[in-house]
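**Student:** show me the folded form of this:
(chains A and B)
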2 protein chains.
Amino acid sequence: MIIAIEGVDGVGKNTVAQKLSEALDIPVYEPLQTPFGRAFKECFLNKCFTPYGEAAGNAALYSMLPKEDLIVVRYVVSPAVYLHHYSGLDVKWFLDLMKHCKVRMPDLIIYLYAPLPVIEARLKERRQRFWTERDLKGLSETYEWVLETFFANKYVKVENSGLLSATVERALEAVKAKGVS
Amino acid sequence: MIIAIEGVDGVGKNTVAQKLSEALDIPVYEPLQTPFGRAFKECFLNKCFTPYGEAAGNAALYSMLPKEDLIVVRYVVSPAVYLHHYSGLDVKWFLDLMKHCKVRMPDLIIYLYAPLPVIEARLKERRQRFWTERDLKGLSETYEWVLETFFANKYVKVENSGLLSATVERALEAVKAKGVS
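**Tutor:** So this is what the prediction gives:
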């Protein structure tokens, strides 16, 4: 079983993933922290790949997930969203590629969202990569489109703008409702 | 322009590539010697990927080739041959993936071959990975099938069992005949 945690930068994915991991006793797996993942990340940050080449790299990366139950931050959905948004990637093609590569699909996607000012405040605090309001808005819309079009029965939308404990509570309810735990 | 040098282990690809590089003043590019390529190789030697995942990794790797004229040892054809031979990869699918990823296709493939006893003697000398006669025969047949089926007008078969200079001479003639230099 794979629970994917999704959403734009600054929405609190890693914090929520950690809390869920503790509550469910399922490890958090970070594909981009494997040796291959790190080399892959270095290349895509430097725009070495063509867009579809980068998509293919994701398929390779995801094809080597361990077989156990996992919580994964940014999984399948994120590259589809970013590559579609910035390079026009055909999302259906991307998901077919995953299928061919026998990539494990997420059983539940917890899509975190928060009002833009909340996200901007968090990014500022972390001195993280600068996203314009236009970027964040566009990416959020693309997330919603990809999730609704390709993962309609697999995702829940959880607001993460108030108490962390409340967000985690709602995420745990979603896990329970999906019967994936 | 890309000249790919192909053939089974021990057939003399690197030596011939080096000689061609000197004669044509075109650099030899080794995808598996880039940081991403090394991480990728480590994974496929350890069978971390699914077969199609490994194929996708090749597409990512090849999508970042520099734009200049290059001589490349084992390029596009080799992964198609090995993954088809050992895992039943659909070669047509693999080549379509390359197209999607805008991978530069080889303009000329120089397929080196030699009698089995010659290859076996070279592999023994190098104390390299052991290939059975059955493996080498099977792979050679798969090379010929892939080349003839998908690269009919792009490849030349050059025997490399006698004098190296004679092999290089024949390869250079092929380059000239293809008008790629």
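
**Student:** residues from chain A in reach of chain B?
**Tutor:** Contact residues, chain A versus chain B (Cβ under 8 Å from any Cβ of the partner chain): A:35-36, A:38-40, A:42-43, A:48-50, A:52-57, A:59-60, A:62-64, A:93, A:97, A:100-103. All C-beta atoms are positioned from the backbone trio N, CA, C, and that covers glycine.

**Student:** please repeat the previous calculation with a cut-off of 7 Å.
**Tutor:** The interface of chain A toward chain B, taken as Cβ under 7 Å from any Cβ of the partner chain, is made up of A:35-36, A:39-40, A:42-43, A:48-50, A:52-54, A:56-57, A:59-60, A:63-64, A:97, A:100-102.

**Student:** give the contact list for residue A:64.
**Tutor:** Neighbouring residues of residue A:64 by Cβ atoms under 7 Å, 6 or more residues apart in numbering or on different chains: B:43, B:48, B:49, B:53.

**Student:** how about a cut-off of 8 Å?
**Tutor:** Counting by Cβ atoms under 8 Å, 6 or more residues apart in numbering or on different chains, residue A:64 touches A:34, A:36, B:43, B:48, B:49, B:50, B:53.

**Student:** what's the closest of these to residue A:107?
**Tutor:** Residue A:107 lies nearest to residue B:50 out of the contacts of residue A:64, by Cβ to Cβ, at 18.7 Å.

**Student:** give me the pLDDT value at that closest one.
**Tutor:** Per-residue pLDDT puts residue B:50 at 97.

**Student:** and the longest helix for chain A?
**Tutor:** Across chain A, the helix with the greatest residue count (assigned by DSSP state H) is helix A:133-150.

**Student:** which residues sit against it?
**Tutor:** Contacting residues not belonging to helix A:133-150 are listed as A:6-8, A:77, A:80-82, A:84-85, A:91-92, A:95, A:109, A:111, A:113, A:116, A:119-120, A:131, A:155, A:157 [Cβ under 8 Å, 6+ apart].

**Student:** which of these fall within helices?
**Tutor:** Among the contacts of helix A:133-150, the members found in helices (DSSP H) are A:77, A:80, A:81, A:82, A:84, A:85, A:91, A:92, A:95, A:116, A:119, A:120.

**Student:** spatially, which two of those residues are the most separated?
**Tutor:** A:92 and A:120 (32.6 Å).

**Student:** neighbour count for the two, which is higher?
**Tutor:** For residue A:92 versus residue A:120, neighbours defined as other Cβ atoms under 10 Å in any protein chain shown are more numerous around residue A:120 (17 against 11).

**Student:** just the pLDDT at that one, thanks.
**Tutor:** Here, the pLDDT recorded for residue A:120 equals 87.

**Student:** got a list of what it touches?
**Tutor:** By Cβ under 8 Å, 6+ apart, the residues touching residue A:120 are A:10, A:133, A:136.

**Student:** out of those residues, which one has the lowest pLDDT?
**Tutor:** Within these, pLDDT is lowest for residue A:133, at 83.

**Student:** let me know how buried that one is, in neighbour terms.
**Tutor:** The tally of other residues near residue A:133 (other Cβ under 10 Å) stands at 11.

**Student:** what about the closest residue to residue A:86 other than its chain neighbours, neighbour count?
**Tutor:** Closest residue to residue A:86 apart from its sequence neighbours, by Cβ to Cβ, 6 or more residues apart in numbering or on different chains: residue A:51 at 7.8 Å. Residue A:51: 20 surrounding residues under other Cβ under 10 Å.

**Student:** lowest-confidence helix or strand of chain A?
**Tutor:** helix A:116-125 (a mean of 87; mean pLDDT, DSSP states H and E).

**Student:** show me what counts as buried in that one.
**Tutor:** Residues of helix A:116-125 classed as buried by neighbour count (16 or more other Cβ atoms under 10 Å in any protein chain shown): A:118, A:119, A:120, A:122, A:123.

**Student:** now do stretch A:23-37
**Tutor:** A:24, A:26, A:28, A:29, A:30, A:31, A:34, A:36, A:37.

**Student:** so can I have a markdown table of those showing pLDDT and secondary structure?
**Tutor:** What follows is those, written out as a markdown table (pLDDT from 0 to 100; DSSP: H, G, I helix; E, B strand; the rest coil):
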| residue | pLDDT | secondary structure |
| --- | --- | --- |
| A:24 | 97 | helix |
| A:26 | 97 | coil |
| A:28 | 98 | strand |
| A:29 | 96 | strand |
| A:30 | 93 | coil |
| A:31 | 96 | helix |
| A:34 | 95 | coil |
| A:36 | 98 | helix |
| A:37 | 98 | helix |
